[in-house]
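>>> No letters, just coordinates:
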């Protein structure tokens, strides 16, 4: 499978590396094709690894992962362009966090509560099939669920069932065989809304190696 | 112990009844002392049960539970008055939900993200010691953790350690011996922020008998 991982931060780096380890072809996308982090990552990984602009990487890929700063999701979508992701499953792992008022960050008001970064992304990529997932946990846990003992939960939501089936396959490869389907993409309001709690729990636990488990009958 | 349970909805009713079953003296408080629901509850429970206005019930009590509509927390605090709760531990189980735009409700923007219903309550009851807890679960689970199989978590936060110790005792009586202390009252932003997720999970599970478990090493 050809994966474009758009974003060169820790989340993008971790996802790109794990997908490459799993044998996929992976291109790390950045605002500019010559992004130093993306170039260095591709050179270090060797065969099956590449880099490019957001649009180049996405246009090449079968599946597109969005791992940018969720607060900038609208500028990101504009830089990517609708054509590059048209018809593709777009896996959105972002959180719209505003750090400008100090720690812990708040949710960007214009991207939360009555909407979400996931919905804002879908609105600007009308040809894509956006699925929100994995934004509720640390990047290392995303690709290595065993960092958290016992069973814990991944979630997903989206408006396209075919795309959700693809994301379930992606999640199973990462170690999440039974993610909880939260329904339509508007459920991203709930998933992104967990982040203010998560950030405080991070301080309480003293480590990012924790996760949610929904306990039910 | 003398408990005032302020609010006559399902949450107030459930908490008042359970505390009364546990042998406490309980008065259900309402905006008006003659509130029919509060009067009926007190008559049905008999000895050790009573009712009164918000201020009457709170002034009588050792501990005050706030189980009103969190969206109206400011009007509630005004009706209660600062004097009635002065020096007392106030257990806030509210969520600031706005149902005016349909289901699922949103968080009241003025009471979320950069603040919380818990903080708004504390700001208006300067003499009280507000502790946020139990707002992250269904009212029946609050008083009967065994409705959810295995272990799941209750949370609390507040700015006064003595008050938090009292709330830990209260929680232990309800069946929550090891609640997770999330720190200062501002963590109520995270606890109340769980509600949009909870409401959607309610639909997914098809029952309110579920809860969070924080899985960690």
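Alright, I've got the coordinates. Treat the numbers as computed from the prediction; the structure is a model and nothing was measured.
>>> Could you identify the helix or strand that succeeds the longest helix anywhere in chain A?
Looking across chain A with DSSP state H, the single longest helix is helix A:161-174. For helix A:161-174, the succeeding helix or strand toward the C-terminus, using DSSP states H and E, is strand A:180-181.
>>> Can you name every helix or strand that that next one contacts?
Counting contacts by 3 or more CB pairs under 8 Å, 6 or more residues apart in numbering or on different chains; DSSP states H and E, strand A:180-181 is packed against strand A:155-158, helix B:195-205. C-betas here are computed from N, CA, C, even on glycine.
>>> closest one to residue B:24 among these?
Relative to residue B:24, the nearest member of the helices and strands packed on strand A:180-181 by CB to CB is helix B:195-205, separated by 27.8 Å.
>>> The closest one packs against which elements?
Against helix B:195-205 (3+ CB pairs under 8 Å, 6+ apart) you get strand A:180-181, helix A:188-192, strand A:210-216, strand B:106-107.
>>> buried residues in it?
The neighbour-count check on helix B:195-205 (16 or more other CB atoms under 10 Å in any protein chain shown) flags B:195, B:196, B:197, B:198, B:199, B:200, B:201, B:204 as buried.
>>> ok now do the nearest residue to the third one once chain neighbours are set aside, which residues does it touch?
Right, residue B:197. Among residues not flanking residue B:197 along the chain, residue A:190 sits closest, at 3.6 Å (CB to CB, 6 or more residues apart in numbering or on different chains). Contact analysis of residue A:190 by CB atoms under 8 Å, 6 or more residues apart in numbering or on different chains lists A:182, B:196, B:197, B:198, B:199, B:200, B:201.
>>> winner for burial among the helices and strands packed on helix B:195-205?
helix A:188-192 (a mean of 29; mean count of other CB atoms under 10 Å in any protein chain shown).
>>> Now do that helix, average pLDDT.
Averaging pLDDT along helix A:188-192 gives 98.
>>> again with stretch A:156-167
The average pLDDT within stretch A:156-167 is 98.
>>> quick one: terminal-to-terminal distance for that stretch?
Stretch A:156-167 has an end-to-end distance of 8 Å (CA to CA, to the nearest Å).
>>> List the buried residues of it.
Buried-residue list, stretch A:156-167, by 16+ other CB under 10 Å: A:156, A:157, A:158, A:159, A:160, A:163, A:164, A:166, A:167.
>>> Export these to CSV and append columns for distance to residue A:213.
Listed next are these as CSV, based on distance: CB to CB, whole Å:
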residue, distance to residue A:213
A:156, 16
A:157, 18
A:158, 22
A:159, 26
A:160, 27
A:163, 26
A:164, 21
A:166, 25
A:167, 20
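>>> And those residues, which is closest to chain B?
Nearest to chain B among the buried residues of stretch A:156-167, counting by CB to the nearest CB, is residue A:157 at 8.3 Å.
>>> So what pairs up with that closest one in the strands?
Assessed by DSSP bridges, residue A:157 has beta-bridge partners residue A:132.
>>> okay if I get the helices and strands packed on strand A:180-181 as CSV plus distance to residue A:67?
Shown next, in CSV, are these (distance: least, CB to CB, whole Å):
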stretch, distance to residue A:67
strand A:155-158, 15
helix B:195-205, 21
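>>> Can you give me the pLDDT of the residue nearest to the spatial centre of chain A?
Nearest residue to the geometric centre of chain A (CA atoms, centre = their mean): residue A:93, 2.0 Å. Residue A:93 carries a pLDDT value of 98.
>>> residues contacting it?
Residue A:93 sits in contact with A:11, A:15, A:65, A:66, A:67, A:132, A:133, A:134, A:135, A:142, where contact means CB under 8 Å, 6+ apart.
>>> again with residue A:37
Counted by CB under 8 Å, 6+ apart, residue A:37 has contacts A:8, A:13, A:28, A:30.
>>> hang on, the earlier thing: can I get the helices and strands packed on helix B:195-205 in CSV with distance to residue A:61?
As requested, the helices and strands packed on helix B:195-205 are arranged in CSV below (distance: least, CB to CB, whole Å):
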stretch, distance to residue A:61
strand A:180-181, 24
helix A:188-192, 22
strand A:210-216, 28
strand B:106-107, 35
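>>> Nearest to residue B:122, out of these?
strand B:106-107 (17.8 Å).
>>> Pull out the buried residues from the next helix or strand after that closest one.
Counting by DSSP H and E, the element after strand B:106-107 in chain order, helix or strand, is helix B:117-124. By 16+ other CB under 10 Å, the buried positions in helix B:117-124 come out as B:117, B:118, B:119, B:120, B:121, B:122, B:124.
>>> Residue A:28 is in contact with residue A:12, correct?
Yes. Residue A:12 is within contact range of residue A:28, at 6.5 Å (criterion: CB atoms under 8 Å).
>>> quick one: residue A:75 and residue A:120, what's the gap?
For residue A:75, the distance to residue A:120 equals 11 Å [CB to CB, to the nearest Å].
>>> wait, I meant residue A:131
15 Å.
>>> Make sure residue A:89 is actually in contact with residue A:61.
No. Using CB under 8 Å as the test, residue A:89 is too far from residue A:61 to be in contact (9.7 Å).
>>> The two: who's more crowded?
The neighbour comparison of residue A:89 against residue A:61 (other CB atoms under 10 Å in any protein chain shown) goes to residue A:61, with 26 against 23.
>>> How is the residue lying closest to the more buried one once chain neighbours are set aside assigned, secondary-structure-wise?
Leaving aside its sequence neighbours, residue A:61 sits nearest to residue A:4 (CB to CB, 6+ apart; 3.6 Å). Three-state call for residue A:4 (DSSP: H, G, I helix; E, B strand; the rest coil): strand.
>>> need the contact list for residue A:4.
Counting by CB under 8 Å, 6+ apart, residue A:4 has contacts A:26, A:27, A:28, A:29, A:57, A:58, A:60, A:61, A:63, A:64, A:65.
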